[in-house]
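S.K.: below is the sequence, then the predicted model.
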Amino acid sequence: MVKPYKIPLSVLVVIYTPALDVLLLRRADATDFWQSVTGSKDRIDEDLRQTAAREVREETGIDCASGTALAGGLRDWGLENVYDIYPRWQHRYAPGVTRNTEHVFGLVVPPGTPVTLSPREHTASQWLPWREAADRCFSPSNAEAILMLPKLIGVKFAA
């Protein structure tokens, strides 16, 4: 069976606790790459919020779909990144597709929320303070989203 091409519309979901610890996942296909939850739409008509909830569940086991206890913690941050697809993953997209549009979400979860990885996608997880998490990310758009976390959720720090 031929695997369909990825749709170049994706989500980035920064999962964090109220203390601003951020969950990072180590990619199975690039072990030096740490990231938040990411993934493309399965269908062109899939709602981005549904894509975000599906990807979070598939990659971490955390269920934030509509009607669950964590659903209210999933927020569309109203941010969009357009970037060139990394050459190492270009083959996953249709010929001629070179750019992806990524929509950014945040998901606040209680401390101690269990994480169950999909071994096909990730080999390890870690919770890090937000600044450390941003430094660890391989993706500039992921790091930028994490650095914006305090402002996006309204946390103020003393000067």
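M.R.: Sure, I can see it.

S.K.: do you have the helices of this protein handy? List them.
M.R.: For the chain, the helices defined by DSSP state H cover 48-60, 130-136, 140-147, 149-153.

S.K.: list the contacts of stretch 116-136.
M.R.: 16-17, 20-28, 31, 34, 58-61, 115, 143-144, 146-147, 149-150 (CB atoms under 8 Å, 6 or more residues apart in numbering). In short, each C-beta sits where N, CA and C put it, glycine included.

S.K.: which of those are buried, as a PyMOL select command?
M.R.: Here is the PyMOL selection string for the buried members of the contacts of stretch 116-136, based on 16 or more other CB atoms under 10 Å:
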select buried, resi 16+17+20+21+22+23+24+25+26+27+34+59+60+115+143+146+147+149
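
S.K.: so the residue nearest to residue 94 when sequence neighbours are not counted versus residue 15, what's the distance?
M.R.: What sits nearest to residue 94 in space, not counting adjacent residues and going by CB to CB, 6 or more residues apart in numbering, is residue 5, at 4.3 Å. Here the criterion is CB to CB, to the nearest Å. By it, residue 5 lies 27 Å from residue 15.

S.K.: where does this protein have low pLDDT?
M.R.: 157-159 (pLDDT under 70).

S.K.: all strands of it, in order?
M.R.: 9-16, 21-27, 34-35, 37-40, 74-84, 99-108, 122-129 (DSSP state E).

S.K.: which of the ones you listed sits closest to residue 93?
M.R.: strand 99-108 (7.9 Å; CB to CB).

S.K.: on that earlier part again, more neighbours: residue 5 and residue 15, which one.
M.R.: Under the neighbour definition other CB atoms under 10 Å, residue 5 and residue 15 were set side by side, and residue 15 has more, 28 against 13.

S.K.: look up how far residue 67 lies from the more buried one.
M.R.: For residue 15, the distance to residue 67 - CB to CB - is 19 Å.

S.K.: ok, now residue 83?
M.R.: Taking CB to CB, one finds residue 83 at 33 Å from residue 67.

S.K.: who does the residue nearest to the spatial centre of the chain form a beta bridge with?
M.R.: Centroid check for the chain by CA atoms, centre = their mean gives residue 37 as the closest residue, at 2.6 Å. In this entry, residue 37 is beta-bridged to residue 13, by DSSP bridges.

S.K.: fine, thanks again, bye for now.
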